[in-house]
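Peer 1: need coordinates for the following:
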Amino acid sequence: MSRRLHPAVVGAQPFQLTARKTFDGPIFETEEGKRRLEMALSRYPTKQAALLPMLGFVQAEKGWIEPGDMEQVAEALDLTPAYVHSIATFYTMYNKHPVGRHFVQVCTNISCHLNRGEEVLERFLAETKTRQGEISDDDEFTVIEAECLGACGFATVVQVNNRYLENVTPDCVPEIVAKLRGARDGAGADGEAEA
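Peer 2: Residues are numbered from 1 along each chain as shown. Have a look, this model is predicted:
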């Protein structure tokens, strides 16, 4: 699905979508890659300022950012690969390893901890038959503990790809996992399961 985006919102695009792409060649030589690079460069005063949106674009397309992708971003923005690597590895929002189609982050910080966040995490791990950070056998899920997802008034909060789920209890988890398992690319307006 192609989205018409104004340059002012290029940095706020959803990432970690369920649809994943692979590229045979350089990502910024594709039509979408050229368009997104042009949009980002039109928004910022320097190429360096477009770094985070371009890393976000790569992750949106592939689900993760590998060293070769960092080199392509560096080349497109006239930066050194070492600089791009230092930024990509500093931020936890960028996946440096492959993840499942549904990247599940369960908050266990204070508000969520008090509302059974650890139990929610354990239930997700049990339902997906994974350990933290693993990709499930069906490539559908990766579940991790998140330090804080910034929605403390709605604990326990779970982020699935680019979508927040609020007030999650351990009893909600089987239904969430079942809906996600049933979702395929194109489900819902943004490619996400209606969980």
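Peer 1: K96 - how many residues pack around it?
Peer 2: Residues lying near K96 (other C-beta atoms under 10 Å) number 16. From N, CA and C alone the C-beta is placed, and that goes for glycine too.
Peer 1: ok, the one 10 residues further on next?
Peer 2: Burial of V106, expressed as a neighbour count using other C-beta under 10 Å, amounts to 28.
Peer 1: tell me the SS of it?
Peer 2: strand (DSSP: H, G, I helix; E, B strand; the rest coil).
Peer 1: what's the distance between it and D78?
Peer 2: In this view, V106 and D78 are 39 Å apart by C-beta to C-beta, to the nearest Å.
Peer 1: next one: V84
Peer 2: From V84 to D78 the distance is 11 Å (C-beta to C-beta).
Peer 1: name the residue in those two with the higher neighbour count.
Peer 2: Each of V84 and D78 has its neighbours counted (other C-beta under 10 Å); V84 has more, 25 against 9.
Peer 1: would you say T89 is within a helix?
Peer 2: Yes - counting by three-state DSSP, T89 falls inside a helix.
Peer 1: how about the nearest residue to it, chain neighbours excluded?
Peer 2: Excluding the flanking residues, the one nearest T89 by C-beta to C-beta, 6 or more residues apart in numbering is K96, at 6.5 Å.
Peer 1: which residues of this protein fall in strands?
Peer 2: Shown for the chain, the strands assigned by DSSP state E span residues 102-107, 141-146, 158-160, 163-165.
Peer 1: domain map for the protein?
Peer 2: The chain resolves into domains spanning 7-90, 102-182 when parsed by automatic domain parsing.
Peer 1: now those in TSV, with mean pLDDT?
Peer 2: Listed next are the domains of the chain as TSV, based on pLDDT from 0 to 100:
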stretch	mean pLDDT
domain 7-90	80
domain 102-182	92
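Peer 1: out of the strands of the chain, flag the one nearest M70.
Peer 2: Closest to M70 of these is strand 102-107 (C-beta to C-beta; 19.3 Å).
Peer 1: now do that closest one: everything it contacts.
Peer 2: For strand 102-107, contacts defined as C-beta atoms under 8 Å, 6 or more residues apart in numbering pick out 16, 18, 63, 95, 112, 117, 120-121, 124, 128, 140-149, 151, 155-161, 168, 180, 193.
Peer 1: what about the helices in the chain?
Peer 2: 31-43, 51-62, 67-76, 81-90, 110-114, 117-128, 173-182 (DSSP state H).
Peer 1: any chance of those helices in CSV, plus distance to S136?
Peer 2: Listed next are the helices of the chain as CSV, based on distance: least, C-beta to C-beta, whole Å:
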stretch, distance to S136
helix 31-43, 28
helix 51-62, 18
helix 67-76, 24
helix 81-90, 25
helix 110-114, 23
helix 117-128, 5
helix 173-182, 10
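Peer 1: and I135, which of the ones you listed is closest to it?
Peer 2: Proximity to I135, assessed across those by C-beta to C-beta, is greatest for helix 117-128 (9.6 Å).
Peer 1: just checking, what packs against the closest one?
Peer 2: If contacts are counted by 3 or more C-beta pairs under 8 Å, 6 or more residues apart in numbering; DSSP states H and E, helix 117-128 sits against strand 102-107, strand 141-146, helix 173-182.
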